[in-house]
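**Student:** Everything below, folded, please.
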Amino acid sequence: MTEPVMVAFSGGADSVLVLKLALEASRGRVPVYAMYADAPWMPRAARAEAEQIARELQVKLNVVSIDSPGSIGIENNPLDRCYRCKKAIFKALMDFGQIHNVKILLEGTQLDDLTKYRPGLKAIAESGARSPLKELGLHKSDVRELLAHWGLSAAKKPSGSCLATRLPYEQTLSVPILKQIDQAENYLRSFGFKVIRVRSHGDIARIETDLEHLSLALSKRADIVRELKSLGWKYVTLDLEGFRSGSMD
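**Tutor:** Down below sits the predicted model:
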């Protein structure tokens, strides 16, 4: 690798592999910028995990921030929310690149993403970013296998998503409700749930977790109900279908 690059780095498995590959190709000869995009709809734990993985890879984490849903036109959680969000994020990353004279932006789309509802892919394509995992023909299973080969903790990390996916489309994305959801999910993770989502439907909190942990949720029922009601929901429910990625789409 002969030119400096930026890597859109969320701390998820795909972006971890892209960053690792870039660092391996660079071998310190040219700069590799790990770029994290922060916003009120990003879980606080996600940034902490990204910082930890960056330390593991011995690279500085550069953070660009988006102040509010209204600043990029997603305050009403529109159907094209993911497109608008990715558009804003990749513009911010490209702006960083202009300041630091970096023309190449890498990101972590892999082949499995192309079979799912991913409206943000259009914004990525428009940005001119490169998707090396897709270009190499890698699937998620390949990503995890390579991360395991390097002994990286992200090999077993569950897929994540932004907090806006916890709310129905066309419902207001206020900073207080986003914080409320984030606090609820952080509380639930303290019990050891591998995958957890708190979907908010007005007064109702609908909890999704993987099927093997439904019994754990029931065993902690009283504590969970008490905590989530204290955060503001009137009703607390457990979704018996379990976790489904994109269940609000």
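**Student:** after the helix or strand bottoming out on mean pLDDT in the chain comes which helix or strand?
**Tutor:** Ranking every helix and strand in the chain by mean pLDDT, DSSP states H and E puts helix 120-127 at the bottom, with a mean of 89. Next along the chain after helix 120-127, taking DSSP states H and E as the criterion, comes helix 132-135.
**Student:** buried residues in that next one?
**Tutor:** Pro132, Leu133, Lys134 (16 or more other Cβ atoms under 10 Å). Backbone N, C-alpha and C define where each C-beta goes, glycine included.
**Student:** of all those, which comes closest to Ala154?
**Tutor:** Proximity of those to Ala154 (Cβ to Cβ) peaks at Leu133, which lies at 13.5 Å.
**Student:** Against Lys140, how distant is the closest one?
**Tutor:** Using Cβ to Cβ, to the nearest Å, Leu133 is found at 9 Å from Lys140.
**Student:** what touches both of the two?
**Tutor:** Shared contacts of Leu133 and Lys140, defined by Cβ atoms under 8 Å, 6 or more residues apart in numbering, are found at Asp14, Gln110.
**Student:** ok now do Ser68, which residues does it touch?
**Tutor:** The contact partners of Ser68, by Cβ under 8 Å, 6+ apart, come to Pro40, Glu75, Val175.
**Student:** mind checking how far it is from Glu185?
**Tutor:** 21 Å.
**Student:** what's the closest non-adjacent residue to Ala13?
**Tutor:** Ala154 (4.9 Å; Cβ to Cβ, 6 or more residues apart in numbering).
**Student:** Now for that neighbour, how many residues are close by?
**Tutor:** Neighbours of Ala154 under the rule other Cβ atoms under 10 Å: 24.
**Student:** Once you drop chain neighbours, what's closest to the spatially most central residue of the chain?
**Tutor:** For the chain, the residue nearest the mean C-alpha position is Ser161 (4.0 Å; Cα atoms, centre = their mean). If the residues on either side of it in the chain are set aside, Ser161 comes closest to Ser245, at 7.5 Å by Cβ to Cβ, 6+ apart.
**Student:** circling back to that earlier point, which one (most neighbours) among the contacts of Ser68?
**Tutor:** In terms of neighbours by other Cβ under 10 Å, the contacts of Ser68 top out with Pro40 at 20 neighbours.
**Student:** Which residues are in contact with Gly11?
**Tutor:** So Gly11 contacts Tyr36, Ala46, Arg47, Glu49, Ala50, Gln52, Ile53, Ala154, Lys157 (Cβ under 8 Å, 6+ apart).
**Student:** all helices for this structure, in order.
**Tutor:** 13-26, 44-56, 81-100, 120-127, 132-135, 140-149, 175-189, 214-219, 221-231 (DSSP state H).
**Student:** Residues in contact with stretch 136-143: which ones?
**Tutor:** Taking Cβ under 8 Å, 6+ apart as the rule, stretch 136-143 contacts Ala13, Asp14, Leu17, Gln110, Leu111, Asp112, Leu133, Leu146.
**Student:** Report the mean confidence score over it.
**Tutor:** Confidence for stretch 136-143, expressed as mean pLDDT, is 95.
**Student:** mind exporting it as CSV, just the C-alpha atoms?
**Tutor:** Presented in CSV, the C-alpha positions along stretch 136-143 are these (Å, rounded to 0.1, in the frame of the first residue of the first chain):
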residue,chain,number,x,y,z
LEU,A,136,-12.6,-10.0,-2.4
GLY,A,137,-15.9,-11.9,-2.4
LEU,A,138,-16.0,-12.4,1.4
HIS,A,139,-19.1,-13.4,3.4
LYS,A,140,-19.6,-12.8,7.1
SER,A,141,-18.4,-16.3,7.9
ASP,A,142,-15.2,-15.6,6.1
VAL,A,143,-14.8,-12.3,8.1
